[in-house]
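this one's structure only:
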């Protein structure tokens, strides 16, 4: 059974600081997805990582994928309050792509002024 | 292009009742997946439909069922509701082409009393 872990589960950081969220998964997969969820809202797609060594950046967020280590990271640079949300990584676990995502437990990020 | 829509957005039901939730995918998307989100269990995959056929099913009891119509709209039904069924139910649609991304609707918040 595919398991996806994230750490930390809770992260409180000050504006302007840098930090990294880690996502580990238990079986081989060459594609990983990062989502953001604001309280009471749905999931917003952030990044799609499709191969080993893939790196994507958008604003203050950068995601990378190491399929050999079964590890993805989401790096936050110079955090701002607007980044406060819960971040989920998800691994595509279906027999065929796009059928079944297994999500990590989420990292609740709080950026303090 | 309109996103994934879900109705109703909020629902309050009593134990023992049944409920039907509806999901309309993005135009052209033929795959619809359903997820349950609770504070304790996180995001869990319920089932996935493609061309009116259920292709994948998560580890949920038979009280949870679904179907998909020829226009790709999907419904999920929960019979004999239990308190533990209180959750945010999210629907996601996919084009099933690279990068096999899933796009999530706003969710239906179900409260069982």
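It's in. Computed from a predicted model, the values in this text were never measured in an experiment. Numbers count the residues shown, from 1 in each chain, chains lettered A, B, ... in the order given.

Point out where chain A drops to low pLDDT.
Applying pLDDT under 70 to chain A flags residues A:94-99.

mind listing the strands for it?
A:4-7, A:10-14, A:19-25, A:32-37, A:43-49, A:55-58, A:61-66, A:71-76, A:85-92, A:101-103, A:107-112 (DSSP state E).

mind listing what residue B:46 touches?
Going by CB atoms under 8 Å, 6 or more residues apart in numbering or on different chains, residue B:46 touches B:33, B:34, B:35, B:36, B:57, B:58, B:60, B:64, B:66, B:76, B:89. Where C-beta positions appear, they are placed from N, C-alpha and C, glycine not excepted.

out of the residues you listed, which are inside strands?
Judged by DSSP E, the subset of those located in strands is B:33, B:34, B:35, B:36, B:57, B:64, B:66, B:76, B:89.

The fifth one and residue B:34 touch, don't they?
No. Here residue B:57 lies out of contact with residue B:34, judged by CB atoms under 8 Å, at a distance of 10.1 Å.

between the two, which one's more packed in?
Ranked by neighbour count (other CB atoms under 10 Å in any protein chain shown), residue B:57 and residue B:34 place residue B:34 first, with 25 against 15.

so what's the more buried one closest to, chain neighbours aside?
residue B:46 (4.1 Å; CB to CB, 6 or more residues apart in numbering or on different chains).

Sticking with that neighbour, tell me its helix or strand.
According to DSSP states H and E, residue B:46 maps onto strand B:42-50.

okay, the angle between that strand and strand A:32-37?
Orientation note: strand B:42-50 sits at an angle of 120 degrees relative to strand A:32-37 (axes from the mean of the first three to the mean of the last three CA atoms, to 10 degrees).

what's around the residue nearest to residue B:56 when sequence neighbours are not counted, how many residues?
Closest residue to residue B:56 apart from its sequence neighbours, by CB to CB, 6+ apart: residue B:48 at 4.3 Å. The number of residues packed near residue B:48 is 28, by other CB under 10 Å.
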